[in-house]
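Asks: Generate coordinates for the sequence data below:
(one chain, ligands or ions: 8)
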Amino acid sequence: MQSKCIVLTIIGLITLSLCTMAHAHPEVDLEELYLELSKEAIACIECHKKESPGITADWGAGVHAKVGITCITCHKCEVGGAGLSRGHYKQYQRSDHKYGTSAYRVPVAALVSPMLCARCHFNEVKEYSRSKHANTLELIWKIDPWLRYGMNSDTERITGCFVCHGSILKVKDGKITSEGWPNVGVGRINVDGSRGSCISCHTRHKFSRAEARKPEACGRCHLGPGHPQAEIYNESIHGAIYRSEGDQWNWNASTREWIPGQAYRSPTCAVCHMCKVGTTAMTHDVTERLSWELQAPYTVRPSDFEPFPAKTDWKAERNKMKAVCLKCHGKLWVDNHYIQLDRVIKEYNEVYFKPAQDMLNRLYKNGLLDKSVPLDEQLELEFYELWHYEGRRARMGAAMMAPAYTWWRGFYECKKRYNTFMQEAQKLLSTKQPAYRYQDLPNATGDTEVPRRLSENSDPTAKE
Ligand code: HEC
Ligand code: HEC
Ligand code: HEC
Ligand code: HEC
Ligand code: HEC
Ligand code: HEC
Ligand code: HEC
Ligand code: HEC
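Replies: Numbering: from 1, shown residues only. Ligands and ions are numbered 1, 2, ... in the order given. Next up, the predicted model:
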C-alpha cells in the first residue's frame, strides 16, 4: 500500500496520524509519458483512472509505467483471439466519456499469460515453466487421493486447492468461466497452453521485485499443517532478524546491489531459493538448490521422485544452496547443518515411515484394511497424517532451522501418532476384525478424470 504517513507521538499522550493515500493518482508523470503514446493507449489510462483507480495507481507506482509499458502493451489482443473480452467493446460506445468512442477502439483481453511477459523476460519464463511450481497441476493429478478418487467437491477444489496450485482456464462464449478464474495459482494452465502465473509473487499491477523478495509473498501458500514454511521461517533466527530490522533493508536494490551484508543481513525465502547470491545465479525454478523431496511420504532425491523426476543432480543443487549460506557463514557451520539435516531424514524414513508402512501393508494383505479407497478408514488417515503433517514438519523444520517444528510439532507428534497407529493395528491383528469403513465422505462429487489439457504440450517456450 502506497501511503505516506506522518506519525507524531507527543510524550505518549497524543498519537496523531495523518495518512494521505497516494492511491488516487499514479506516481508516474503522465503528461510526459503521453508524449510517447498512441491515442488508443492514452484512452486506456484516462478512462481507467476514473473507472478503476486502484489498478491504475498500482500500475503507475510500478517499474513498467516508468519505462513506458502501459495497459495496451499487455492487454491488447488479436481480434477473435483467445480471451478477447467482447464485453469491453461497449466501453467505446459511451457518451459519458471523452475516450469512450470508436476512434479509440482496440480489442482487449482480460487474461495475460506468461507468454506475453516472455516477450521481454524470456529467461524468467523459461526457467519458471520447467519448475515444479509451473507443473504442479499435472503432478497432483498423478498422486493426490482427493483428486484421483473424487473425495471432495469441485467447489472445494476451486476455492481451496486450485487457489494455491492453479486452475485450468476456460473461455466460453467470449467469457472466462468461474471454474478457472479469478485465479493466480502457481501452476495455472493458460488458454494458450502455457503453464504458470507470474503474478503469484509479483502481484498486479505493480509487478514488483521488492515484493517477491519478502517472505510474505511466499507465505500465503507455504503455510499450514502440511507445509508450514512461513511459520518455520518466522520461528527461525533468520526470520526473527527479518522481523526486527527488515524494514531498514534495501528491498529495491538492483540484482547487482542485492548483496548480503549490504542490502540485507539475514536471508528471506527468496534469498535462499531464488535470488542471485555470490556465485549462485538467480533462478525462477524453485526446484533448483534442493537435495531432498521433503514433502514426499518417503524422502528421496529430487531426481528419484517418480511422479515428477527433477532433471537435477542433488549434489550440484546442494552446492548452490551452500554457496548462498557461505556468504554469511563458515564452511564447518554449513556442512554440519546439512549433516544434521541428513540425520533427520534418515531417522524419519527408517524409524517412523518404513515400519508404519510395513504395518499398513500387512493389514491390507490380511484383509483387515481395504485398499480400494484411500482415507476411508481411521488407520489410513492416521498414516496419511503421520507423513503428511508431523512427518513433513520434522523434516522441514530441520531444513530451515526451526527446532519447535522439528521436535514439538514434528518428531514429538510422530511418536504419539506412531503409538496410536501401532496400538490400533495390533488390535485388528489380534481380533481379526476388519476395520470400520466410513460409509459417507460428504460431497465426494469431484471429477476423477484427469483433465485432458494436462497431457498436452506444456512448454510453449520450447519452440523458440
Ligand atoms: C471509456 C472507458 C474505457 C476505455 C477507453 C478503456 N476501458 Fe477498459 N474497461 C472500462 C470499464 C468500465 C471496465 C469494467 C467493465 C466491467 O466491469 O464489466 C473495463 C474493463 C477492462 C478490462 C477487464 C476486461 C474484462 O472483460 O473483465 C481490461 C483488461 C481493460 N478494461 C483494459 C483496457 C485497455 C487495455 C484499454 C485500452 C486499449 C481500455 N481498457 C480502455 C473502461 C474503459
Ligand atoms: C505488464 C503487463 C500489464 C500491464 C502494463 C497492465 N496489466 Fe492489467 N493485467 C495484467 C495481468 C498479468 C493481469 C491478470 C490477468 C490474468 O489473470 O490472466 C491483469 C489483469 C487486469 C484486469 C482484470 C483483473 C481485475 O482485477 O479485474 C484489468 C481490469 C486490468 N488488468 C486493467 C489494466 C489497466 C487499466 C492497465 C493500465 C493502467 C493495465 N491493466 C496494465 C498485466 C498487465
Ligand atoms: C514490453 C516489454 C515488457 C513486458 C511485456 C513485460 N515487462 Fe516486465 N519489465 C520490462 C522492463 C523494461 C522492465 C524494467 C527493467 C529494469 O528495470 O531493468 C521490467 C521490469 C519487471 C520487473 C521488475 C520490477 C522491479 O521492481 O524492479 C518484474 C517483476 C516484471 N517486469 C514482471 C513482468 C511480468 C510478470 C510481465 C507479464 C505480465 C511483464 N513484466 C511484462 C519490460 C516488460
Ligand atoms: C494454502 C495453499 C494450498 C492449498 C489450499 C492446497 N495446497 Fe497442496 N501444496 C501447497 C504447497 C505450498 C505445497 C508444497 C509442499 C512442499 O513442497 O513442501 C503443496 C503440496 C501438495 C502436494 C504434494 C506435491 C508433491 O510434490 O509431492 C499435493 C499432492 C497437493 N499439494 C495437493 C493438494 C490438493 C489436492 C489440495 C486440495 C484438496 C491442496 N493441495 C490444497 C499449497 C496448497
Ligand atoms: C515464486 C515467486 C515468483 C514467481 C511466481 C515469479 N517470480 Fe519473478 N522474481 C521473484 C523474485 C524473488 C525475484 C527477485 C530475484 C532477486 O532478487 O534476485 C524476481 C525477479 C524478477 C524479475 C527481475 C529480474 C532482474 O533481473 O532483476 C523479473 C523481470 C521477473 N521476476 C519476472 C517474472 C516473470 C515473467 C514471471 C512469470 C514467469 C515471474 N517473475 C514469476 C519471484 C517470482
Ligand atoms: C500461489 C501459491 C504459491 C506461492 C505464492 C509460492 N509458492 Fe512455492 N509452491 C506452491 C505449491 C502449490 C508448491 C507445490 C508444488 C508441488 O510439489 O506440486 C510449491 C513448491 C515450492 C517449492 C518446492 C519445489 C520442489 O521442487 O519441490 C519451493 C522451494 C517453493 N515452492 C518456494 C517458494 C518461494 C521461495 C516462494 C516465494 C518467493 C513461493 N514458493 C511462492 C505454491 C506457491
Ligand atoms: C536459510 C535459507 C532458507 C530460508 C530463509 C528458507 N529456506 Fe526453504 N529450504 C532451505 C533448505 C536448506 C531446504 C532443504 C533443501 C534440500 O532439499 O537440500 C529448504 C526446503 C524448502 C522447501 C522444499 C520442501 C520439500 O518439499 O522438499 C520449500 C517448499 C521451501 N524450502 C520453501 C521456503 C519458504 C516458503 C521459505 C520462506 C517462508 C523458505 N523456504 C525459507 C533453505 C531456506
Ligand atoms: C544473509 C546472511 C545469511 C545467509 C545467506 C544465511 N544465514 Fe544463517 N544466519 C544468519 C545470521 C545473521 C544468523 C544469526 C547469527 C547468530 O546467531 O549470531 C544466522 C543463524 C543461523 C543458524 C543458527 C540457528 C539457531 O537457531 O541457532 C543456522 C543453523 C544457520 N544460520 C544456517 C544457515 C544455512 C544452512 C544457510 C543456507 C541454507 C544460511 N544460514 C544462510 C545469516 C545468514
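Asks: what's the weakest-modelled helix or strand in the protein?
Replies: Ranking every helix and strand in the chain by mean pLDDT, DSSP states H and E puts strand 14-21 at the bottom, with a mean of 34.
Asks: Could you verify my assumption that residue 199 touches residue 185?
Replies: No - between residue 199 and residue 185 there is no contact under CB atoms under 8 Å: 10.3 Å. Yep, even glycine has a C-beta here, placed from its N, CA and C like the rest.
Asks: what does stretch 312-322 contact?
Replies: 272, 280, 287-292, 301-303, 334-335, 338 (CB atoms under 8 Å, 6 or more residues apart in numbering).
Asks: Which among the residues you listed count as buried?
Replies: 272, 280, 287-292, 301-302, 334 (16 or more other CB atoms under 10 Å).
Asks: Between those residues, which sits nearest ligand 6?
Replies: Ligand 6 lies nearest to residue 287 out of those, by CB to the nearest ligand atom, at 3.4 Å.
Asks: Residue 301 is in contact with that closest one, correct?
Replies: No - using CB under 8 Å, residue 287 makes no contact with residue 301, being 11.9 Å away.
Asks: coming back round to it: sort out for me which of the buried ones among the contacts of stretch 312-322 are in helices.
Replies: Members of the buried ones among the contacts of stretch 312-322 lying in helices (criterion: DSSP state H): 272, 334.
Asks: In the buried ones among the contacts of stretch 312-322, find the pair that's most separated.
Replies: Pairwise distances among those were taken by CB to CB; the largest, 20.9 Å, belongs to 287 and 334.
Asks: can you narrow the contacts of stretch 312-322 to ones near ligand 7?
Replies: Of the residues in the contacts of stretch 312-322, proximity to ligand 7 by CB under 6 Å from any ligand atom holds for 272, 290-292.
Asks: Let me have these in CSV, extended by pLDDT and distance to ligand 3.
Replies: Below are those laid out as CSV (pLDDT from 0 to 100; distance: CB to the nearest ligand atom, whole Å):
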residue, pLDDT, distance to ligand 3
272, 98, 19
290, 98, 23
291, 98, 28
292, 98, 29
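Asks: For residue 327, list the residues it contacts.
Replies: Residue 327 is in contact with 260-261, 277-278, counting by CB under 8 Å, 6+ apart.
Asks: now for the lengthiest helix in the chain, which elements pack on it?
Replies: Counting by DSSP H, the longest helix found in the chain is helix 412-431. Judged by 3 or more CB pairs under 8 Å, 6 or more residues apart in numbering; DSSP states H and E, the packing partners of helix 412-431 are helix 354-365, helix 378-385, helix 391-399.
Asks: Now do the nearest residue to residue 151 once chain neighbours are set aside, the pLDDT please.
Replies: Distance criterion CB to CB, 6 or more residues apart in numbering; nearest residue to residue 151, sequence neighbours excluded, is residue 444 at 4.9 Å. We have a pLDDT of 92 for residue 444.
Asks: ditto for the one 3 residues further on
Replies: The confidence metric pLDDT takes the value 94 at residue 447.
Asks: Spatially nearest residue to the residue in the stretch 1-150 of the chain that ligand 7 sits nearest to (excluding sequence neighbours)?
Replies: When scored by CB to the nearest ligand atom, the stretch 1-150 of the chain has residue 132 as its residue closest to ligand 7, at 8.9 Å. Among residues not flanking residue 132 along the chain, residue 287 sits closest, at 4.9 Å (CB to CB, 6+ apart).
Asks: List the contacts of the one you found.
Replies: Taking CB under 8 Å, 6+ apart, we find residue 287 in contact with 130-132, 302, 310, 312.
Asks: Of all pairs in the residues you listed, which one spans the longest distance?
Replies: The two members of the contacts of residue 287 with the most space between them (CB to CB) are 130 and 302, at 12.7 Å.
Asks: picking up where we left off before, which of the residues in the longest helix of the chain are buried?
Replies: Here helix 412-431 shows 413-414, 417-418, 421, 424-425, 428 as buried, counting by 16+ other CB under 10 Å.
Asks: With stretch 166-178 instead?
Replies: Result for stretch 166-178 [16+ other CB under 10 Å]: buried residues 166-171, 176.
Asks: what is the rounded mean pLDDT of it?
Replies: Stretch 166-178 comes out at a mean pLDDT of 91.
Asks: C-alpha coordinates for it, CSV please?
Replies: The C-alpha trace of stretch 166-178 is given here as CSV (Å, rounded to 0.1, in the frame of the first residue of the first chain):
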residue,chain,number,x,y,z
GLY,A,166,-3.5,-23.1,-10.1
SER,A,167,-6.6,-23.7,-12.2
ILE,A,168,-7.3,-24.6,-15.8
LEU,A,169,-8.7,-21.5,-17.6
LYS,A,170,-11.6,-21.9,-19.9
VAL,A,171,-13.3,-19.4,-22.1
LYS,A,172,-17.0,-19.9,-23.1
ASP,A,173,-18.9,-17.5,-25.3
GLY,A,174,-16.2,-14.9,-25.0
LYS,A,175,-16.2,-15.0,-21.2
ILE,A,176,-13.8,-16.6,-18.8
THR,A,177,-15.7,-19.2,-16.8
SER,A,178,-15.9,-19.1,-13.0
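Asks: Assign residue 222 to helix, strand or coil.
Replies: Secondary structure, DSSP: H, G, I helix; E, B strand; the rest coil: residue 222 is coil.
Asks: what about the helices in the stretch 201-350 of the chain?
Replies: Taking DSSP state H, counting those that start in this stretch to define them, one finds helices in the stretch 201-350 of the chain at 209-213, 215-219, 229-235, 237-245, 269-273, 314-325, 331-347.
Asks: cool, and the stretch 1-150 of the chain?
Replies: Under DSSP H, counting those that start in this stretch, the stretch 1-150 of the chain gives helices at 30-34, 39-51, 53-61, 63-66, 71-75, 114-118, 122-130, 132-143, 145-148.
Asks: now the residue lying closest to residue 420 once chain neighbours are set aside: how far from residue 430?
Replies: In this structure, residue 420 finds its nearest non-sequential neighbour in residue 382, 6.7 Å apart by CB to CB, 6+ apart. Remark: distance between residue 382 and residue 430 (CB to CB, to the nearest Å) = 18 Å.
Asks: coming back round to it: turn the helices of the stretch 201-350 of the chain into CSV, including distance to residue 359.
Replies: What follows is the helices of the stretch 201-350 of the chain, written out as CSV (distance: least, CB to CB, whole Å):
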stretch, distance to residue 359
helix 209-213, 44
helix 215-219, 36
helix 229-235, 29
helix 237-245, 37
helix 269-273, 36
helix 314-325, 30
helix 331-347, 18
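Asks: Looking at those helices, spot the one closest to ligand 2.
Replies: Smallest distance to ligand 2 across these (CB to the nearest ligand atom): 13.3 Å, for helix 209-213.
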